[in-house]
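J.: For reference, the sequence and a predicted model appear below.
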2 protein chains.
Amino acid sequence: MLLVGDDPALLAAALEEGLGADLCVISGGLGPTHDDRTVELLARATGRRLVVDAALEGEIEQVARDVAARLERPYADFEPGVRKQASLPEGAQSLGLAGTAPAVLLEHERGVAVALPGPPGELRRLWPAALASEEMRKVLERAPAPAHRILRFFGPSESAVARALDEAGGERDGLAVTVCAANLEIQVDLYWSAKSAGEGAAVAGALRDRFGDELFAEDERGVADLVVEACRGRGYTLATAESCTGGLVATRLTAVPGSSEIFLGAIVAYADEVKRGQLGVPGEMLERHGAVSAEAARAMAAGARAALKADVAVAVTGIAGPGGGSEAKPVGLVHVVATSPEAEIERELRLPGDREEVRARATAVSLHALRGVLTQTGTHSRAVSS
Amino acid sequence: MLLVGDDPALLAAALEEGLGADLCVISGGLGPTHDDRTVELLARATGRRLVVDAALEGEIEQVARDVAARLERPYADFEPGVRKQASLPEGAQSLGLAGTAPAVLLEHERGVAVALPGPPGELRRLWPAALASEEMRKVLERAPAPAHRILRFFGPSESAVARALDEAGGERDGLAVTVCAANLEIQVDLYWSAKSAGEGAAVAGALRDRFGDELFAEDERGVADLVVEACRGRGYTLATAESCTGGLVATRLTAVPGSSEIFLGAIVAYADEVKRGQLGVPGEMLERHGAVSAEAARAMAAGARAALKADVAVAVTGIAGPGGGSEAKPVGLVHVVATSPEAEIERELRLPGDREEVRARATAVSLHALRGVLTQTGTHSRAVSS
């Protein structure tokens, strides 16, 4: 993959390289401003004229007029951009609009080029239209996909997974393995060709045997999706009480479509006064043990369940840094308590990293603790881990 | 910029290209697993042997032993990874560790190569060590940086900014301009060489004249930073009441270091019962106007101020989709109310995009509304905008 800025010469060179492939997917540079150069350079690189597509121009004009009306701006502001965005290389087709920007597909002498918008949401929305095109279908038919198996673990270190992989024989001809660690999760992707199916399955089996307790998914679904699904399956409602994560656990849970069926709400209790007032954490407890303590986390979880009338809750309190740490309670110290009608999980963590990393990791631990109390029964687990 | 996967042949080709430059910065591939190949391939591409750095090995071993102890795993799991990670190309130096992975600097025949970790937080942490090295200093001295001016707007469309830029003469020799739109914000970056200083300043001035009211920053600080700073400057405390954003506004605010000085907390009121119980929104109002209404947003903002005893609050309620929309209240309809002792801003929005985009845009509007009430005095603004 090539990532280039708006410099026309660098863009042209990158396009020249990409257009040599059977399929060249481009993203970004479709906007109305002068530095959005993808379509113009695509025309030049394929030796085609830029022509205004009248039907497309009408379509874009309508979107632009709506935006102009909403913003109470003259349409004249938009007119040059509309004409620019309706200009396609001869022979290209629009795959649909993102705002005023058309995604573009062009079958040229050397292959197929697809230009999609840069913003991830818009790219995701228009990608299916590209996949559905006859031109792309023909290209994809020529490249059979290898078998793909995903194993995702929460708990083991990357080194332990690497060692187990080696012991199982590791990568070899016909079997590619990648290991990716992020947010305390380890994802192993195995790709194998038909003739190596046995070896691929054997390596996957060895990893499952070794880390079975820590295997939490065999697909791409995030842990927040799994939590929402488990709540729905059990008919439970869910709430969070957050201090150092500042609402990030709730943000992750509510990113899941349909989470409103089970998620009631969250109390982000940054100030001690909010821990007392909204979550009923006794002031005397905060004074004795501090806001970053197992006691406070337990009281916050109980308080969230009581105040929001939720079946399941997680509480997280800690020191995200850069300030606020001490020798006894350093930056990275985090307490998590998850509780359901059947189970309770407590974690005391000493997380490495800067503020953003501590928050992201504390959120990952919180979500996995929720998954834990929702998939276990009758468990009361107290653990000090990292 | 080249982005490549773990395939050794593609990595080697990318390195070959990158090492032709005076400075080649590499990120990722420093981990303990077999698919972390950066250092090995860097040695090969520069014709150097890989040698174990004994001092570095001791340093990494200590980190690995700590991790092993915390995870209650045998150190043997880590040993092969430690040896691998302590192996550097002859003549290279470690710039410091991220976990067990050293960042590596190597001055070779054609220039300087720096290999940094892939995880963004770790990269950020080790980058200053690279910058501080004598080798990089020498390279950077040879390339004088152009003057750089940033203008950031909230409100105008990308097309309007493009038109104003054109009218001001636009890009030319010695003056590069990029326009980037994200989350309803437009960032214009102007770079000029010494001989074009007058023209650069003139274009910047033209944009300021045209969109002065919508200019909110002339540096890279995010709107959440500006809100936290404005609260601190006025001695105000802050709270949020969130429905469709699910805690994202609080997450953005608490991402700012030191936000705990002014941020009290948030009530994420996803369920109507929580809007009633925690924010005091009258049930009768919810029945008459619905939870997605200006009335509900106003009551939520007032409720957050009262319940959390905050000086300033923002409330956001809307329909993020994909479900939950109707003809009268479609997906993307969002109400935002920000309120301070001096000012109040209300927004009714019809935001385009999928669930993630609607949430991100509603969050941007909420943060800018907070900025608005903190920088205005005596303003009561009601606006329908998008």
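T.: Everything's here; your move. Numbering: from 1, shown residues only, chains lettered A, B, ... in the order given.
J.: where does the spatially most central residue of chain A land on pLDDT?
T.: By CA atoms, centre = their mean, the mean C-alpha position of chain A lies nearest to residue A:222, the distance being 7.8 Å. Residue-level confidence at residue A:222 comes out at 95, pLDDT.
J.: residue contacts, it?
T.: The neighbours of residue A:222, taking CB atoms under 8 Å, 6 or more residues apart in numbering or on different chains as the test, are A:252, A:256. C-beta coordinates here come from the backbone N, C-alpha and C atoms, glycine included.
J.: ok, now how distant is it from residue B:289?
T.: Remark: distance between residue A:222 and residue B:289 (CB to CB, to the nearest Å) = 34 Å.
J.: Please apply the same query to residue A:132.
T.: From residue A:132 over to residue B:289 the distance is 41 Å, taken as CB to CB.
J.: What of residue A:162?
T.: Computed with CB to CB, the distance linking residue A:162 and residue B:289 is 57 Å.
J.: Kindly report the same for residue A:350.
T.: Applying CB to CB, the value for residue A:350 to residue B:289 is 48 Å.
J.: Outline the domain layout of chain A.
T.: Per the record, chain A has its domains at A:8-141, A:147-217, A:223-384, by automatic domain parsing.
J.: burial measure for residue A:76, as a count.
T.: Taking other CB atoms under 10 Å in any protein chain shown as the criterion, the count of residues near residue A:76 is 11.
J.: what do you get for residue A:212?
T.: 9.
J.: Kindly list the main-chain dihedrals of it?
T.: Torsion angles at residue A:212 (phi, psi; degrees, to the nearest 10) stand at phi -60, psi -40.
J.: got it, and the one 3 residues further on?
T.: The phi/psi pair for residue A:215 (degrees, to the nearest 10) reads phi -70, psi 120.
J.: Who are the contact partners of it?
T.: The contact partners of residue A:215, taken as CB under 8 Å, 6+ apart, are A:151-153, A:207-208.
J.: Go again with 10 Å.
T.: Taking CB atoms under 10 Å, 6 or more residues apart in numbering or on different chains as the contact definition, residue A:215 lies against A:151-156, A:186, A:188, A:207-208.
J.: repeat for residue A:154
T.: Going by CB under 10 Å, 6+ apart, residue A:154 touches A:183-186, A:211, A:213-217, A:223, A:364-365, A:367-368, A:371-372.
J.: Residue A:7 too?
T.: Shown here is residue A:7, whose contacts under the criterion CB under 10 Å, 6+ apart are A:13-14, A:35, A:37, B:176, B:178.
J.: Among these, name the buried ones.
T.: Judged by neighbour count, with 16 or more other CB atoms under 10 Å in any protein chain shown as the criterion, the buried members of the contacts of residue A:7 are A:14, A:35, A:37, B:176, B:178.
J.: Take those residues and keep only those in strands.
T.: Among the buried ones among the contacts of residue A:7, the members falling in strands (DSSP state E) are B:176, B:178.
J.: tell me which of the buried ones among the contacts of residue A:7 is nearest to residue B:43?
T.: Checking those against residue B:43 with CB to CB, the nearest one is residue A:14 at 28.1 Å.
J.: so how far is chain B from that closest one?
T.: Summarising the geometry, the distance separating residue A:14 from chain B, computed by CB to the nearest CB, to the nearest Å, is 10 Å.
J.: excluding its backbone neighbours, what's nearest residue A:210?
T.: With sequence-adjacent residues excluded and distances taken as CB to CB, 6 or more residues apart in numbering or on different chains, residue A:210 is closest to residue A:164, at 4.6 Å.
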